[in-house]
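Visitor: requesting a structural model of the entry that follows:
(chains A and B)
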Protein chains: 2
Amino acid sequence: MINFETAPEHYRHWKLEIDGARATLSMDVQEDATLADGYKLKLNSYDLGVDIELADAVQRLRFEHPEVKVVTITSLKPRIFCAGANIYMLGTSAHAFKVNFCKFTNETRCTIEDASHHSGQRYIAALNGTASGGGYELAIACDEIYLVDDGNSAVSLPEVPLLGVLPGTGGLTRLVDKRKVRRDRADVFSTLAEGLKGKRAKEWGLIDDYFPTTKFQDAIAARVRAIIETDGPTDESQGIKLNPLQVEATANGREYKYVHLRLNREKRYADLTVRAPEANLPTDPAEIQKLGDAYWPLQVYRELDDALLHLRINELEIGLVCLHTVGEIENVLAVDTTLAAHRDHWLIREIILHMARVLRRLDLTAKSLFAIIEPGSCFAGNLLELALASDRVYMLDDAAERIEIAASRLNAGALPMGNGLTRLESRFLAHPEQVTTVLEYQGRFDTKAADEAGLITVAPDSLDWEDEIRLAIEERNSLSPDALTGMEASLRFAGPETLDTKIYGRLTAWQNWIFQRPNAVGEHGALTNYGKPTQPKFDYRRT
Amino acid sequence: MINFETAPEHYRHWKLEIDGARATLSMDVQEDATLADGYKLKLNSYDLGVDIELADAVQRLRFEHPEVKVVTITSLKPRIFCAGANIYMLGTSAHAFKVNFCKFTNETRCTIEDASHHSGQRYIAALNGTASGGGYELAIACDEIYLVDDGNSAVSLPEVPLLGVLPGTGGLTRLVDKRKVRRDRADVFSTLAEGLKGKRAKEWGLIDDYFPTTKFQDAIAARVRAIIETDGPTDESQGIKLNPLQVEATANGREYKYVHLRLNREKRYADLTVRAPEANLPTDPAEIQKLGDAYWPLQVYRELDDALLHLRINELEIGLVCLHTVGEIENVLAVDTTLAAHRDHWLIREIILHMARVLRRLDLTAKSLFAIIEPGSCFAGNLLELALASDRVYMLDDAAERIEIAASRLNAGALPMGNGLTRLESRFLAHPEQVTTVLEYQGRFDTKAADEAGLITVAPDSLDWEDEIRLAIEERNSLSPDALTGMEASLRFAGPETLDTKIYGRLTAWQNWIFQRPNAVGEHGALTNYGKPTQPKFDYRRT
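Guide: Prediction:
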C-alpha cells in the first residue's frame, strides 16, 4: 500500500531550506529508496515516492511558510538537475499504475502553478545541470527557468525519440501553450534526444536565461532578490503546522476524524462520508490560526484528499464512490460565512485554495461518483460541491422528513474547476441564469425545490429509495470501467478548456493510448527495450 | 483500396432529392453493399462506404445546389432512422482502420455544421424512427432534431452500456458542449441502452420536439417552410457540377492534374507536389462559374483532399509526407487576389470554405508533414498554408538562386484551423505582432527574410541541402509512429479549444485508448462479444 503522507523530517529525496522570503527545494534522489523493486533512481530520476515528497513540500510552503516569496528548485547532484520519471519503473509498471502515477505528478506540477498564481510564491527552476524529460517538465511548471552554461548541460524532452512515449506530464502542452514555443521548433526540440543548450534554448524560449558555472549561483541569487524586492515587503505572517493525519486503516476502510471510507469490495464500490463541523467554530482569523490544521475546513479536506489518493492508487477495483455527508447544515454554512468574510487573510485564502485543489482532484478521479442525499445529510456550501462534482445526484423524496441542501457564497467562484468555471456554471451551461437563481435562493432547497432548480438527478421516494440506489450501483459497476473513464472525462469538463484541462484531457488521453501500444510496451517496444542491448522494433503503420 | 470518390447516381445507401430551397437526404442502407466482408449493414447501420456517400452529398449540396436552404436528413426504413456505425464492422476492423473510420465520420459531421454556419444550408434531423449511437450522433450534428412519437422510437447512445466504447463520433462532446445537456442527465442518457423517447428527450434537451406519427411529416414540412421564410428569398444562383476527378493511379503514386503523389515505400515517406495555376485565370465570378470545377483553387484542393484520404486509409505505412509546390508564385497570388476580392459571391465563398476544410483535413492527418521549399516552389498565399500546416519547414538557402515565399490576404483569416485561429496566429502565439508583420510585408520573403520572420524552421545551404533533407526523413521515420501521432496532435493545436478540437483531441484520444483496451477488443471484450451468446468479461480495475 502506498502512503501519501510525509513531512520534511522524513524526506529521502528532497531538502527544504527556508531563509526568510527565500526557500530552496533541492533534489537529491536516493537511488535505492524506491517504492518498488526492480529499478534504481539514478541521476535524480523519480518514482511516485519522490513526487509525494515534492507535493508535500509545495503544500507545506504555503501553510507553514507563508513568508516565502520565491522557491528555487535545484539539484544537489553535480551536472544533473533531474532525468525525469525513472524509465525502468515505467517499463515494469502496470498500465493503471503508469496512468495514476502520471496523473499525480501532473497534479503536483499544477499545484506549483497554483501557488505561483494565487499564493504569491514564485517558482524558479535553477538548472545546475541537465534537465531531461520529466526534469524539464518540472522546470516548465516553474515561472522562470535558468540553465547553467557549462558546455554540457541541456534541456531536453527525449520521450519521443528514446522511449516512444510522450512528454505527458504537461510537457508538450506547456511547451506550446505556456511558453508558447513556435510549433515547428517544439517539433524539433521534442524529437531531439540530446536537447538544446544555453544559447539556442534561450533563443527558442525553452529557458529564460543561462549563466556560466562560476556565475550561476550569484545570478540565481540576484534574480531571487529582484523578485522579492519587486513583490514588496515580506509578509510577516507566521505559518501553521500541518501535523500528520490521524487515520485508522482497516481491511475495509479508513477512518479519519471527519472522513470515513468504507469499501464494499464485493460490489466494488465505496461509501465516502464527510462529517460536518461542530457548532460555534471560531470566526476570527487569529483564533482560526491558533486552531491551525485542526480547523475543520482544512482538516476535512486534507483527510478527503488522502482518501481520494488512497482510492485511486491502492483500490483499483473500486469503480464507484458514493459520496455522503452527515451533520448540521448550519454548521457547514457558518464555516463558509467565516471563510467568505475573511478571504483576504492569508490563512483563509490558503484554506480555500486547498479546498479547491482537493475538489479538482475529485473531478479528476477515474471512479464514478454518485452523491447520496438522505436524512441527516449536509450537502451545503462547500460540501454542495461534492454533489456538483458527482456524475449523478440521488436525493430522497421523503413525505415524512424534510431533506435539504443549500448554497453559500463559496459556490460562487471560490472553488473553480480546472476549466475555470464554477461547478454551478458547468452544470447550467444551457441556462446560465440558473446559476444566479441558485446562489440567490432564499433558504434551503428541499427535495422538490432542488429538483426544480436542476441541482439533483433523481428523487426517489422512500418506497423506492433503497432499491433505486442498489440498482444504480449494480448497473454502474456492470459497465466497462474503461468506457466509464472516457465518458466521465468527457462529460465532466464541458465548456472552456484551459492549460490544466488540455493537460488532463488531450495530452493525458493520448499518452494513455500510447502507454498501451505495442510500440511502447510490447516485447519489442521502445519502453520495454530501453537500456537493453536489443533495439526496439516498431510496427510502422500510422494510426 | 478504398475509393473516396462517388456521385449521387452511384449512391447505394442515400437518396438525394432537391425541391427548390428544400433538399431531402434519405438514408436507405443496402445491407449487402458493404466495403468489406463479414458484416451486414442492418437497420441503417453504416460503414465507411455509407459515410463517403454522405460526405459527397453534403459537398455537392453546397456546390451544385446553392439554392438549397434546408436539408432534411431522414430514413426510408420504417421505425428506424439509423443504428449507427455497424458493430460487427467495428469488431472485426484493425485498430488503425477504426481510428481512421472515426476520423472521417467526424469530419463529415463537422462539414454539416460548417455548411450550416457558413453556407446558409440548415440541417434538420427528421427522426422517423429510432436513432441510436452514431445515428443520434448524426442527428446532433444537425441544427434541429425532431423525433416521431410512435410509442417506440427513441434516441440513444448505447455505446458505453452495450459495447464498452464511447459515442466517439462527437457524441459526448456535442451532448454537453453543443446542446449543453446537463452533465448528470448526459451521464444517465449515455449509460441507458434503450435511450429516451419524445417527452423526456425534449425535456432534457436531446431533441427539439416530437410529433405523433400521423402529424410527423406535416410538422417537418412546416418547420422547413418556416426556416426558408425566415432566411429570406431563395438564392437563385445556379450551381456548378462537380465532375469526377481524373486520376492516374500507379503502384507508387497517384497523378492528378495539379497534384502529384509519389510514394517512397522503402523509406516510408511520400512526396506530395501541388502545382500552381496557369497564368491569366479569369477574375470575374461569372467567368469563374463557367469554368466550374476546372477552376484551379477548386480542382487542386479537391485533388489534394482525395490524395490525403488515400494516404490515410490506403497507405498506413507512409509515416511522413513531404509537401512540395511547383510553379509561378504570381499565378498563385493572382488567384488569391481574385478570391479575396469576390469573397461575397456564393461560389467564391464556397471555394474558399472548401480550401479551408481540406487544409483542416491536412492538420488532422496522422502523418508527419515537412514542407520542402526549393527552386521553383510557390509556397505563396493559400499554398503558404501548406507550409504553415507542416510540422517543419525546410527552405533552401541558395547563394546562386533566390527562393521565395509570400503571404496573401487569404492568410489573414479565410482559412482558419479547427481551433479558430489562422495558422499564422497559431504559429506566433508568443509574438502576435509578428502576424501583422508577415501579412503587411512588402513583396516576397527570400530565405533570409523568411527565417527572420519565423516562417521556416531550417535553412540549409546548397552544400547541406540534400543530406539534411535525407537525414531528416530517415530520422523522423525511425521514431515510434504512435508517439509521433500523439506528439503532433498536441503541438499542432496550441491555443484555444473549440467544439471541433475537443472532438478530435479529448474525445478521439480517449476513444482510441478504449479501442485497444482488452475490455473492448480482447477475447472477452464487449465489442468482440456483441451479438454472441457469450457475455463480456471485464477486468474491473479502474484506470
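Visitor: quick one, strands of the stretch 51-200 of chain A?
Guide: Using DSSP state E, counting those that start in this stretch, the strands found in the stretch 51-200 of chain A span residues A:70-75, A:79-82, A:84-85, A:122-127, A:129-132, A:144-149, A:155-156.
Visitor: could I get those as a markdown table with distance to chain B?
Guide: The C-beta positions use only the backbone N, C-alpha and C, and glycine is treated the same way. Output for the strands of the stretch 51-200 of chain A, formatted as a markdown table (distance: least, CB to the nearest CB, whole Å):
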| stretch | distance to chain B |
| --- | --- |
| strand A:70-75 | 24 |
| strand A:79-82 | 21 |
| strand A:84-85 | 15 |
| strand A:122-127 | 19 |
| strand A:129-132 | 16 |
| strand A:144-149 | 15 |
| strand A:155-156 | 14 |
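Visitor: who wins for proximity to B:Thr528 among those?
Guide: Nearest to B:Thr528 among these is strand A:84-85; the distance by CB to CB comes to 33.2 Å.
Visitor: what parts of the stretch 1-150 of chain A come near chain B?
Guide: For the stretch 1-150 of chain A, the contact set with chain B under CB under 8 Å from any CB of the partner chain comprises A:His95, A:Ala96, A:Val99, A:Asn100.
Visitor: hang on, isn't A:Leu298 packed against A:Ile351?
Guide: Yes - contact criterion CB atoms under 8 Å: A:Leu298 and A:Ile351 qualify, at 5.1 Å.
Visitor: still on that earlier bit, nearest to A:Leu281, of the strands of the stretch 51-200 of chain A?
Guide: Short answer: strand A:70-75, nearest of the strands of the stretch 51-200 of chain A by CB to CB, at 31.4 Å.
Visitor: where does chain A dip in pLDDT?
Guide: Chain A contains residues with pLDDT under 70 at A:233-236.
Visitor: so which residue is dead centre in it?
Guide: A:Glu107 (3.0 Å; CA atoms, centre = their mean).
Visitor: my guess is that one contacts A:Arg361. True?
Guide: Yes - under the criterion of CB under 8 Å, A:Glu107 makes contact with A:Arg361 at 6.4 Å.
Visitor: any idea how far A:Lys77 is from A:Thr108?
Guide: A:Lys77 sits 20 Å away from A:Thr108 when distances are taken as CB to CB, to the nearest Å.
Visitor: and the strand or helix carrying A:Asn331, what's buried?
Guide: Taking DSSP states H and E as the definition, one finds A:Asn331 inside helix A:329-341. By 16 or more other CB atoms under 10 Å in any protein chain shown, the buried positions in helix A:329-341 come out as A:Ile329, A:Asn331, A:Val332, A:Leu333, A:Ala334, A:Val335, A:Asp336, A:Thr338, A:Leu339, A:Ala340.
Visitor: do the same with stretch A:267-281
Guide: For stretch A:267-281, by 16+ other CB under 10 Å, it's A:Arg268, A:Tyr269, A:Ala270, A:Asp271, A:Leu272, A:Thr273, A:Val274, A:Arg275, A:Ala276, A:Pro277, A:Leu281.
Visitor: let's see which of those residues end up in helices.
Guide: Under the assignment DSSP state H, these contribute nothing to helices.
Visitor: related to what we said a few turns ago, in CSV: the strands of the stretch 51-200 of chain A, plus distance to B:Gly319.
Guide: Formatted as CSV, these follow (distance: least, CB to CB, whole Å):
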stretch, distance to B:Gly319
strand A:70-75, 37
strand A:79-82, 32
strand A:84-85, 26
strand A:122-127, 33
strand A:129-132, 25
strand A:144-149, 32
strand A:155-156, 23
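Visitor: quick one: closest of those strands to A:Tyr394.
Guide: Per CB to CB, nearest to A:Tyr394 of the strands of the stretch 51-200 of chain A: strand A:84-85, 39.7 Å.
Visitor: so which residues on the stretch 151-300 of chain A come close to chain B?
Guide: When proximity is defined by CB under 8 Å from any CB, the stretch 151-300 of chain A lies next to chain B at A:159-161, A:163-166, A:172-173, A:175-177, A:179-188, A:190-191, A:205, A:268.
Visitor: pull the residues that contact stretch A:174-189.
Guide: Contacts of stretch A:174-189 with the rest of the structure, by CB atoms under 8 Å, 6 or more residues apart in numbering or on different chains, involve A:137, A:140-141, A:156-157, A:167, A:172, A:190, A:195-196, A:204-206, A:499, A:502-503, B:390-393, B:426-430, B:454, B:456-458, B:487-488, B:490-492, B:494-495.
Visitor: list the contacts for A:Asp305?
Guide: Here A:Asp305 is in contact with A:Arg357, A:Val358, A:Arg361 (criterion: CB under 8 Å, 6+ apart).
Visitor: try A:Met487
Guide: Counted by CB under 8 Å, 6+ apart, A:Met487 has contacts B:Val160, B:Leu166, B:Leu172, B:Asp187, B:Ser190, B:Thr191.
Visitor: ok so it is a helix residue?
Guide: Yes - counting by DSSP: H, G, I helix; E, B strand; the rest coil, A:Met487 is located in a helix.
Visitor: ok, back up a step: which of the contacts of stretch A:174-189 are buried?
Guide: A:137, A:140-141, A:156-157, A:167, A:172, A:190, A:195-196, A:204-206, A:499, A:502-503, B:390-393, B:426-429, B:454, B:456-458, B:487-488, B:490-492, B:494-495.
Visitor: so in terms of bridging, what pairs with A:Val70?
Guide: Note on A:Val70: beta-bridge partners by DSSP bridges are A:Arg22, A:Arg122.
Visitor: next, count neighbours for it.
Guide: Residues within reach of A:Val70, counting by other CB atoms under 10 Å in any protein chain shown, total 24.
Visitor: how far away is it from A:Pro496?
Guide: With CB to CB as the criterion, A:Val70 and A:Pro496 are 31 Å apart.
Visitor: what do you get for A:Val321?
Guide: A:Val321 is 26 Å from A:Pro496, by CB to CB.
Visitor: who has more neighbours out of these two?
Guide: A count of neighbours by other CB under 10 Å puts A:Val321 above the other of A:Val321 and A:Pro496, at 25 against 15.
Visitor: partners of the host helix or strand of the more buried one in the sheet?
Guide: Using DSSP H and E, A:Val321 sits in strand A:320-326. When pairing is defined by DSSP bridges, strand A:320-326 lines up against strand A:269-275 (parallel), strand A:368-373 (parallel).
Visitor: that strand: how far from the chain's middle?
Guide: In terms of CA atoms, centre = their mean, to the nearest Å, the centre of strand A:320-326 is set 20 Å apart from its chain centre.
Visitor: tell me what angle that strand forms with helix A:329-341.
Guide: For strand A:320-326 against helix A:329-341, the angle by axes from the mean of the first three to the mean of the last three CA atoms, to 10 degrees is 90 degrees.
Visitor: how about strand A:320-326: buried residues?
Guide: Neighbour count says strand A:320-326 has A:Leu320, A:Val321, A:Cys322, A:Leu323, A:His324, A:Thr325 buried, by 16+ other CB under 10 Å.
Visitor: going by distance to chain B, which of the residues you listed wins?
Guide: Nearest to chain B among the buried residues of strand A:320-326: A:Leu320, at 9.1 Å, using CB to the nearest CB.
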